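need a structure here:
(2 chains)
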Number of protein chains: 2
Amino acid sequence: MKQSLIPQRSHVTKEPIPVIVYGLGAIGIGAVKLALQKSYIKIVGAVDVDPSKQGKDLGDVIGGDRLGVTVQPNIQAALAVAPAKVVLHTTTSFMELVEPQLVELINAGLHVVSSTEELSYPHLQSPAIAERLDRLAIDKGVSVLGIGVNPGFLMDLLPLTLTGVCQSVESVEVVRVVDTAKRRVQLQKKTGANLSEAEFRGLMDTGRMGHIGLVESVALIADGLGWPLERIDDEVEPVLAKELTTSEFFQVEAGRVVGLNQVATGWSNGKPRIVLRLHMSLRAENPCDRIRIEGTPPIYLEQPDGVAGDHATVAILINSVHRIVEAKNGLLSPHDLPIPVCRS
Amino acid sequence: MKQSLIPQRSHVTKEPIPVIVYGLGAIGIGAVKLALQKSYIKIVGAVDVDPSKQGKDLGDVIGGDRLGVTVQPNIQAALAVAPAKVVLHTTTSFMELVEPQLVELINAGLHVVSSTEELSYPHLQSPAIAERLDRLAIDKGVSVLGIGVNPGFLMDLLPLTLTGVCQSVESVEVVRVVDTAKRRVQLQKKTGANLSEAEFRGLMDTGRMGHIGLVESVALIADGLGWPLERIDDEVEPVLAKELTTSEFFQVEAGRVVGLNQVATGWSNGKPRIVLRLHMSLRAENPCDRIRIEGTPPIYLEQPDGVAGDHATVAILINSVHRIVEAKNGLLSPHDLPIPVCRS
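Next up is the predicted model:
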């Protein structure tokens, strides 16, 4: 069969969606650059707390051509220049710090797509904040979403998607192995590169070591499947260099830390039914993503090289913009919306 | 971290959704059996055109315990016994044949989840019917969805989902290899088992050989990505036995047909940007599903044993029930709704 005219639905937004970028760190800058390539998005404003960025043209801040958008100190100043519909929010990982920012954005009548890791499933660690934000968002007629590649996709939304073809699910296991030497220096630092084992364990005890969002991924999967969990365990162990291990930024002697192993386990009916294993270290062997679902039918899937994180997080934030404007109101999780497909 | 109380959202439907099953072939019977295991679904009615099934208890028809639901000859008779919210529609593959059935269901104010292959993207081959159904569904305040494992998931919705983490997509290629000897006799027949090559090509010329839905999968991916296509090619070739090849149902001599190779290609900007390759034959080697997305970042994923089709189609139909009742109205495609996760 050949068809020379392909009928297609005309559902793609015709007027570009006006967007403000809130937070101009690495992810925010990446989001601006990608948004400029998307015909359905128009960046109309930018906000950052850093006085050295305020008052500058956004193009200068991202290292590109002038954009005619001045970086403002707060959302009111940005909205005074141009109205917007959606905010791309990329500031910090934690609910307590972002709550006042989100309240301000919701009160301004803006939909929010955020990279805040804990916001991917805030009902777990901050149920009171989550309830307040949900009520406020419904009241103001807007939608708020936390999403990223991890949490938000690889270890939660993707396995949940695969259960769509299962009659029943007994357990979900996801393994992600990341070679941090191929990633940004920030991730190498966050995973403990070149610390001594004692230093690593000291930081662990203060809760400052480990991937943020792994327990949220467990809770998000349980929520999607409708499984009440009795308990979530979250265990982090250092990975020590067996020999001199180097990256562009570090030279780690044998015995010192090159990264971490983290396992989050969700218990249901006395069984470990959701197990998420994350290994991130310098020169980790065989980087990959693997998903195993025990059920009817069973599902096993692997991405032999794994999915690169930084490009992917920026992508899924941008790809969520056309979904959030059509979503129901309230505080949403990634599985509450249609999938954030990549549109041109 | 250990948490002994896991806060969870209470979004799971509390009252079971009343469902009528329309069509009691293999898929319809499978859907009834699975629905009986789901706490959020209540089967309140059943309809079949076969007089030998009408008037019987549904439990007798599916070979189980009495269910207290009598199989009716039409939807009005079923609704006269019990009101319903959703119809699981499993009759035939083609839009022209299902249009009058769907019109009747929509007019009765029922949401429809259907296994009709062409309904996964009816805008391609039946744009006029699709437009009529879309308008009627919006007018009546209901949602209509065509979905299955293929078309509807493995070769379209799943690759589209993966583009969610892509900044840009150049091309999408999906390969699915199915060993039909492990599947139902119907699939072995449909793929030409034990035909001569001439018989196969004769049936091909009348359009009666090949997988239904592969071009719909191409169009669905293009629609999701917002790519206008110039052309879709669809090529089917017989696969001939190299030696005596047997299944539970067939003994095929060397030189006769054991299955088929089908390739559907979507052309955009003069390039073959969506290529779907489906190989289905008796004793096919290395059954698998593979997805390759060229883009930023590139994605490569494989399911080494492939996903078994029959269980999976029944599953995704049932798993769509809790989504359709919350979806927007109209004629929907699988990527218009949140993912149909497996709920208990």
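
quick one: the residue nearest to A:Thr180 when sequence neighbours are not counted from A:Thr245, how far?
Spatial nearest neighbour of A:Thr180, chain neighbours left out: A:Gln188 (4.9 Å); criterion: Cβ to Cβ, 6 or more residues apart in numbering or on different chains. All C-beta spots, glycine's among them, are computed from the backbone N, C-alpha and C. Per Cβ to Cβ, to the nearest Å, A:Gln188 is found 11 Å from A:Thr245.

overlap in contacts, those two.
Common neighbours of A:Gln188 and A:Thr245 (criterion: Cβ atoms under 8 Å, 6 or more residues apart in numbering or on different chains): A:Leu282.

would A:Ser39 count as being in a helix?
No - according to DSSP: H, G, I helix; E, B strand; the rest coil, A:Ser39 belongs to no helix; its state is coil.

that one contacts A:His322, doesn't it?
No - using Cβ atoms under 8 Å, A:Ser39 is not in contact with A:His322, being 10.9 Å away.

more crowded one of the two?
Comparing A:Ser39 with A:His322 by other Cβ atoms under 10 Å in any protein chain shown, the one with more neighbours is A:His322, at 21 against 11.

wait, the more buried one sits on A:Pro16?
No - counting by Cβ under 8 Å, A:His322 stays clear of A:Pro16, with 10.4 Å between them.

need the residues touching each of those two.
Counting by Cβ under 8 Å, 6+ apart, the contacts common to A:His322 and A:Pro16 are A:Tyr40.

low-confidence stretches in chain A?
Applying pLDDT under 70 to chain A flags the ranges A:1-8, A:10-13.

try it again at 50.
Applying pLDDT under 50 to chain A flags the ranges A:1-4.

run the chain-centre distance for stretch A:42-49.
For stretch A:42-49, the separation from the chain centroid amounts to 20 Å (computed by Cα atoms, centre = their mean, to the nearest Å).

that should have said stretch A:255-263, apologies.
With Cα atoms, centre = their mean, you get 22 Å for stretch A:255-263.

got it, and stretch A:182-200?
In terms of Cα atoms, centre = their mean, the centre of stretch A:182-200 is found 20 Å from the chain centre.

quick check: buried residues in that stretch?
Buried residues in stretch A:182-200, counted by 16 or more other Cβ atoms under 10 Å in any protein chain shown: A:182-183, A:187-188, A:190-195, A:200.

quick check: residues of the stretch 151-300 of chain A near chain B?
The stretch 151-300 of chain A comes close to chain B at residues A:153-154, A:157-158, A:160-169, A:215, A:219, A:222-234, A:266, A:295-297, A:299-300, as judged by Cβ under 8 Å from any Cβ of the partner chain.

let's see which of those residues end up in strands.
By the criterion of DSSP state E, membership of those in strands covers A:168-169, A:231-234, A:266, A:295-296, A:299-300.

mind picking the two most distant members of those?
Spanning the widest gap among those are A:Asp234 and A:Thr296, at 29.4 Å by Cβ to Cβ.

now the residue nearest to the spatial centre of chain A, what's its secondary structure?
For chain A, the residue sitting closest to the mean C-alpha position, by Cα atoms, centre = their mean, is A:Gly148 at 2.0 Å. Using three-state DSSP, the structure places A:Gly148 in coil.

tell me the domain ranges of chain A?
In terms of domains, chain A is parsed into A:17-147+A:312-336, A:157-306 (source: automatic domain parsing).

the last one: how far from the chain's middle?
Looking back up the chat, that one is domain A:157-306. The answer for domain A:157-306 is 14 Å, by Cα atoms, centre = their mean.

what about it, how long is it end to end?
Using Cα to Cα, to the nearest Å, one end of domain A:157-306 lies 16 Å from the other.

cool, the longest one as well?
For domain A:17-147+A:312-336, the separation between the terminal residues is 21 Å (Cα to Cα).

from the chain's centre, how far out does it sit?
Centroid separation for domain A:17-147+A:312-336 versus its chain: 13 Å, with Cα atoms, centre = their mean.

show me the contacts for the residue nearest to A:Thr180.
A:Gln188 makes contact with A:180-181, A:247, A:249-250, A:282, according to Cβ under 8 Å, 6+ apart.

not counting residues beside it along the chain, what's closest to A:Val185?
Spatial nearest neighbour of A:Val185, chain neighbours left out: A:Phe249 (4.6 Å); criterion: Cβ to Cβ, 6+ apart.

so how far is A:Ala284 from that neighbour?
Applying Cβ to Cβ to A:Phe249 and A:Ala284 gives a distance of 16 Å.

got the contact list for A:Pro151?
So A:Pro151 contacts A:117, A:120-121, A:213-214, A:216-217, A:220 (Cβ under 8 Å, 6+ apart).

quick one: secondary structure of the residue nearest to A:Thr180?
Secondary structure assignment for A:Gln188 (three-state DSSP): helix.

A:Arg273 and A:Gly295 touch, don't they?
No - A:Arg273 is beyond contact range of A:Gly295, at 10.7 Å (criterion: Cβ under 8 Å).

quote the end-to-end distance of stretch A:325-337.
Stretch A:325-337 has an end-to-end distance of 11 Å (criterion: Cα to Cα).

right, I mislabeled it, should have said stretch A:159-174
With Cα to Cα as the measure, stretch A:159-174 spans 8 Å from end to end.

cool, and stretch A:290-310?
Stretch A:290-310 end-to-end distance (Cα to Cα) = 19 Å.

list the buried ones in that stretch?
A:290-293, A:295-297, A:299-303, A:306-310.

go on, stretch A:169-185?
Buried residues in stretch A:169-185 (16+ other Cβ under 10 Å): A:169, A:172-183.

so which of the residues you listed belong to strands?
Per DSSP E, the subset of the buried residues of stretch A:169-185 in strands is A:169, A:172-179.

between the ones in strands among the residues of the stretch 151-300 of chain A next to chain B, which is nearest A:Val47?
A:Asp234 (33.0 Å).

quick one: the closest one and A:Val215 touch, right?
Yes - with contact defined as Cβ under 8 Å, A:Asp234 counts as touching A:Val215 (5.1 Å).

confirm A:Leu42 sits in a helix?
If you look again at residue A:42, you'll see it is Lys, not Leu. No - read with three-state DSSP, A:Lys42 is strand and lies in no helix.

for the residue lying closest to it once chain neighbours are set aside, give me its contacts.
Spatial nearest neighbour of A:Lys42, excluding adjacent residues (Cβ to Cβ, 6+ apart): A:Pro16 at 3.9 Å. For A:Pro16, the contact set (Cβ under 8 Å, 6+ apart) comprises A:39-42.

which residue sits closest to A:Leu157, ignoring its sequence neighbours?
A:Pro334 (4.6 Å).

what about the helices in chain A?
Remark: helices assigned in chain A by DSSP state H are A:26-35, A:58-62, A:75-81, A:95-107, A:127-140, A:157-162, A:185-190, A:197-205, A:214-225, A:309-319, A:321-324.

does anything pack onto the longest one? Which helices or strands?
The elements that helix A:127-140 packs onto, with contact taken as 3 or more Cβ pairs under 8 Å, 6 or more residues apart in numbering or on different chains; DSSP states H and E, are helix A:95-107, strand A:143-146, strand A:330-332.
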